[in-house]
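In: Let's see this in three dimensions:
(one chain, ligands or ions: 2)
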Amino acid sequence: MRGFQRRASVDEALSTLASRSIALDAERVPVTEASGRVLAEDVCAAVSVPHFRRAAMDGWAVVGESTFGASTYAPASLVLIGEARPGRPFAGALRHGEAVRITTGAPVPEGADAVLMAERAEEITRGDRTIVSVVEPVSPGKHVGAVGEDVPAGSIVARRGRKLRPQDVGLLASVGAALVPVVARPRVRVVITGDELLAPGQMPEGSCIVDSNSVVLAALVARDGGALSPTVRAADRYELVREAIAAGDEDVVLVSGGSSVGPEDHAPLALAEIGELTVHGVAMRPSSPAGFGFIAGKTRERTVFLLPGNPVSCLCAYEFFAGPTIRALGGLPRAWPHRRARGRLAAKIVSELGRVDYVRVAYDGARVTPIMTSGASILSSTTRADGVVLVSAGSEGHAEDEEVEVFLYD
Ligand SMILES: Nc1nc2c(c(=O)[nH]1)N[C@H]1C(S)=C(S)[C@@H](COP(=O)(O)OP(=O)(O)OC[C@H]3O[C@@H](n4cnc5c(N)ncnc54)[C@H](O)[C@@H]3O)O[C@H]1N2
Ligand code: MOO
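Out: Ligands and ions are numbered 1, 2, ... in the order given. Presented below is the predicted three-dimensional model:
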């Protein structure tokens, strides 16, 4: 057994990771599959939306001026000369004194400058002609959607770095985008070590417990935009752990458990053998045995994270180190994606200078109450918590009633 000789500071570890994880290359995906992806380049509109003047109401396309002075007592009479429907425009041009029946979304005929709402007139048959009897004037421009009122041609529809929302992909489709340039999703392999572990879905039995870390990690990787390979389970044997880390070509490997310095903690040595163990041991609580390093991949360097087996430590080490890296590889900001809130502490938090603490807290919108469980094996402390307070390395903690920032769990 080897003890931890020196623990890296959280900042040191983060800056090493930041300098070695640059965004992956772009790929083009069909617009129908681009929601949630991160745009790799600005996308400009090749066309205006709409690209024709369109009716915003059901009624009649008219020359507004020909309705001036119309009232219930003195209706204006316009001659109906045709019809325009979405996708089926009126072929000719319209003149003063004429009307074209039109429905919402249809192209406004040439010559018309307004749409009179169906409520403001009625059609009357007079001989072989249909007259539109107008009881209220409509001003020019009314209910006519201008070319490019939604998106003008040449404008930027969505900017590089944006995580595309459902409505973004809708807009991209509207301007005729077929393939969208997005940052490749970081591929992630989860390696679960521990002979005592049963796969999720099984009943705990004898001295075996159920592996909860792979379930938590899978959800976190999905949150951060990673593409997860099937989880690999490695028994606590050096060669098997080494093989599980080295296999595949994912951009990121998350190794859960076996990260410390006990006789069954093979991951750090295995990583040092097949690549570089850059950091092992961090001045933080929990997750002090966390570490990471790099191994060569087929086309680029792969980052391997050593996440302590204790469930809270595993979650915490992921949030501090793996999450920012996966997000950065995928073109997202490194910053924690949690919503933040502020409140006053109901009890003091004690930390040590030089150490970063991840303190689970309850939060009611105003008061921040630390959850008095220090054990990193108590996963339920994180389900009872509403979020966490991070105590920086430069602080010895926070006094009761002091205002602190809470990173809220979703
Ligand atoms: N000499 C030292 N020993 C230890 C130190 C230290 O600084 N010096 N740190 C301790 C701390 S803190 C932690 S955390 C653990 C982390 O060790 P490992 O990463 O090797 O974790 P394991 O021993 O494999 O497991 C710890 C604990 O968590 C349970 N576990 C493991 N995997 C899972 C899983 N996938 N799902 C649910 N629970 C899991 C496991 O059964 C153990 O109970 O090292 C200390 N030692
Ligand atoms: O960091 Mo260990 O993380 O206390 O349980």
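In: give the contact list for residue 160.
Out: Taking C-beta atoms under 8 Å, 6 or more residues apart in numbering, we find residue 160 in contact with 39-42. The C-beta positions use only the backbone N, C-alpha and C, and glycine is treated the same way.
In: I meant to write residue 351 there.
Out: 285, 357, 391, 395-397.
In: Buried subset of these as a PyMOL selection?
Out: Buried subset of those, written as a PyMOL selection, criterion 16 or more other C-beta atoms under 10 Å:
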select buried, resi 285+357+391+397
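In: In CSV, list the contacts of residue 351 along with pLDDT.
Out: Shown next, in CSV, are these (pLDDT from 0 to 100):
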residue, pLDDT
285, 96
357, 97
391, 98
395, 97
396, 96
397, 96
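In: Could you dump the contacts of residue 351 into JSON lines with distance to ligand 2 and secondary structure added?
Out: Listed next are those as JSON lines, based on distance: C-beta to the nearest ligand atom, whole Å; DSSP: H, G, I helix; E, B strand; the rest coil:
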{"residue": "285", "distance to ligand 2": "6", "secondary structure": "strand"}
{"residue": "357", "distance to ligand 2": "11", "secondary structure": "strand"}
{"residue": "391", "distance to ligand 2": "15", "secondary structure": "strand"}
{"residue": "395", "distance to ligand 2": "19", "secondary structure": "coil"}
{"residue": "396", "distance to ligand 2": "19", "secondary structure": "coil"}
{"residue": "397", "distance to ligand 2": "17", "secondary structure": "strand"}
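In: Can I get the contacts of residue 351 in CSV including distance to residue 10?
Out: Output for the contacts of residue 351, formatted as CSV (distance: C-beta to C-beta, whole Å):
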residue, distance to residue 10
285, 11
357, 10
391, 11
395, 13
396, 16
397, 16
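In: Which one of the contacts of residue 160 is nearest to residue 232?
Out: If you rank the contacts of residue 160 by distance to residue 232 using C-beta to C-beta, residue 40 comes first, at 29.7 Å.
In: Any idea how many residues pack against that closest one?
Out: Residue 40 has 20 neighbours, counted by other C-beta atoms under 10 Å.
In: my guess is it contacts residue 182, does it?
Out: Yes - between residue 40 and residue 182 there is a contact under C-beta atoms under 8 Å: 5.5 Å.
In: which residues do these two both contact?
Out: 26-27, 331.
In: and stretch 376-387 with ligand 1, contact?
Out: Yes - residues of stretch 376-387 contacting ligand 1 under C-beta under 6 Å from any ligand atom: 376-377.
In: Residue 88 contacts residue 103, doesn't it?
Out: No - using C-beta under 8 Å as the test, residue 88 is too far from residue 103 to be in contact (9.6 Å).
In: which one of these two has more residues nearby?
Out: residue 103 (16 against 11).
In: need the contact list for that one.
Out: 55, 58, 84-86.
In: Give me the outermost residue of the protein relative to its centroid.
Out: Computed with C-alpha atoms, centre = their mean, the maximum C-alpha offset from the centroid of the chain is found at residue 127, amounting to 63.0 Å.
In: List phi and psi for that residue.
Out: phi 70, psi -130 (degrees, to the nearest 10).
In: Any figure for the gap between it and ligand 1?
Out: 86 Å (C-beta to the nearest ligand atom, to the nearest Å).
In: Then residue 334?
Out: Taken as C-beta to the nearest ligand atom, the span from residue 334 to ligand 1 is 24 Å.
In: excluding its backbone neighbours, what's nearest that residue?
Out: Once flanking residues are discounted, residue 334 sits nearest to residue 324: 3.8 Å by C-beta to C-beta, 6 or more residues apart in numbering.
In: ok, that neighbour touching residue 14?
Out: Yes - assessed by C-beta under 8 Å, residue 324 is found in contact with residue 14 at 7.1 Å.
In: Could you check which of the two is surrounded by more residues?
Out: Neighbour count, other C-beta under 10 Å: between residue 324 and residue 14, residue 324 has more, with 22 against 18.
In: Could you give the number of residues near residue 348?
Out: The burial count for residue 348: 12, using other C-beta under 10 Å.
In: Could I get the contacting residues of it?
Out: Residue 348 neighbours (C-beta under 8 Å, 6+ apart): 397-400.
In: Kindly report the residues of the protein close to ligand 2.
Out: 286-288, 308, 310, 313, 376.
In: Which of those residues fall in helices?
Out: residue 313 (DSSP state H).
In: In the residues of the chain next to ligand 2, find the pair that's most separated.
Out: Between any two of these (C-beta to C-beta), the greatest distance is 10.4 Å, for 288 and 310.
In: Of the two, which one has the most company?
Out: residue 310 (23 against 19).
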